[in-house]
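Asker: with the sequence up front, the predicted model follows.
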Amino acid sequence: MKKIGLTGNIASGKTTVENMLIDSGYKVIDADHICHEAICNNAEIIEKIKNIFEGKDITDEAGSLSRKKIGKIVFESDTERKKLESIIHPHVINKIEKFFISNSENDIVFASVPLLFEIKLEKMFDKIIFVSATQAIRLERLMKRNNFTKEEALQRISAQNTEDDKIKKSDFVIFNNGTVDELSKNVNDIIKKL
Ligand code: ATP
């Protein structure tokens, strides 16, 4: 079984690529989904998060953890972000490892991990695919998808490391600066090379 890591900066098109892979019948796990699921439904993780953010407003009206409120806290403070990551990252890694084990009868499986290089997970994968798009295009897509102002979108884009280093560390790059049809062709071309 080949384990393929899929990564890329914000709004580059990772989810769009993932959906194309799923449509082609491949098994794909998504680190963002694992995080969302943990924050919403995993009692142990929820408890740990409540403990590390004790005294801070992190819940919504129903008493559930608010990803928006937590997101704001960790976006504004590296210390708080690291605390959250110390809980979430081991959980994500564990889920991906279990996914690989339970899908080991497949020839190729994919894990979409936005922070693959930042968390230094390269060794978990046989090959890494980087989804790339110019900053101007990512900005436009992010504003449209999230209803962000230009400032909000730029803030999120600038919070990440640039693509250059990550592209160098990747085995394949999918350039997603064109149409969805072109993206689909690029994805199929890379699948043939895996
Ligand atoms: P994030 O890092 O925020 O999770 P992502 O890398 O998963 O983002 P997507 O959500 O796949 O990115 O794409 C960002 C937005 O751009 C989406 O609204 C998607 O529909 C759109 N998009 C992706 N690729 C193209 C394309 N080639 N042409 C037009 N729109 C696109």
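Answerer: That came in fine, so what should we check first? Nothing here was measured: the structure is a model prediction, and the numbers come from that model.
Asker: doesn't Ile4 belong to a strand?
Answerer: Yes: counting by DSSP: H, G, I helix; E, B strand; the rest coil, Ile4 is found in a strand.
Asker: nearest residue to it other than its sequence neighbours?
Answerer: Computed as C-beta to C-beta, 6 or more residues apart in numbering, the closest residue to Ile4 that is not its neighbour in sequence is Phe110, at 4.8 Å. Placement of C-beta: from N, CA and C, glycine included.
Asker: where does the nearest residue to Met1 once chain neighbours are set aside sit: helix, strand or coil?
Answerer: Counting by C-beta to C-beta, 6+ apart, Met1 lies nearest to Ser104, which is 5.3 Å off, once chain neighbours are set aside. Per three-state DSSP, the local secondary structure of Ser104 is coil.
Asker: stretch 132-142 near the ligand at all?
Answerer: Yes: residues of stretch 132-142 contacting the ligand under C-beta under 6 Å from any ligand atom: Arg141.
Asker: what does that stretch rub up against?
Answerer: 8-13, 148, 150, 153-154, 156-157, 163, 167, 173-177 (C-beta atoms under 8 Å, 6 or more residues apart in numbering).
Asker: that older thread, would you double-check that the residue nearest to Ile4 falls in a strand?
Answerer: Yes: Phe110 sits within a strand when classified using three-state DSSP.
Asker: how close does it get to the ligand?
Answerer: 13 Å (C-beta to the nearest ligand atom, to the nearest Å).
Asker: what residues does this structure have near the ligand?
Answerer: So the chain meets the ligand at 8, 10-16, 32, 114, 141, 145, 176, 178-180, 183 (C-beta under 6 Å from any ligand atom).
Asker: which of those residues fall within helices?
Answerer: Under the assignment DSSP state H, these contribute 14-16, 32, 141, 145, 180, 183 to helices.
Asker: could you say what helices and strands the helix or strand of the chain with the lowest mean pLDDT packs with?
Answerer: Sorting the helices and strands of the chain by mean pLDDT, DSSP states H and E puts helix 67-76 at the bottom, at a mean of 90. The elements that helix 67-76 packs onto, with contact taken as 3 or more C-beta pairs under 8 Å, 6 or more residues apart in numbering; DSSP states H and E, are helix 31-41, helix 78-102.
Asker: mean neighbour count, those helices: which tops it?
Answerer: helix 31-41 (a mean of 17; mean count of other C-beta atoms under 10 Å).
Asker: got the CA coordinates for that helix in PDB?
Answerer: What follows is helix 31-41 as a C-alpha-only set of coordinates in PDB (Å, rounded to 0.1, in the frame of the first residue of the first chain):
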ATOM      1  CA  ALA A  31      -7.000  16.000   9.000                       C
ATOM      2  CA  ASP A  32      -9.400  19.000   9.200                       C
ATOM      3  CA  HIS A  33     -12.400  16.600   9.500                       C
ATOM      4  CA  ILE A  34     -10.600  14.700  12.200                       C
ATOM      5  CA  CYS A  35     -10.100  18.000  14.200                       C
ATOM      6  CA  HIS A  36     -13.700  19.100  13.700                       C
ATOM      7  CA  GLU A  37     -15.000  15.800  14.700                       C
ATOM      8  CA  ALA A  38     -12.800  15.700  17.800                       C
ATOM      9  CA  ILE A  39     -13.800  19.200  18.900                       C
ATOM     10  CA  CYS A  40     -17.500  18.400  18.400                       C
ATOM     11  CA  ASN A  41     -17.800  14.800  19.600                       C
END
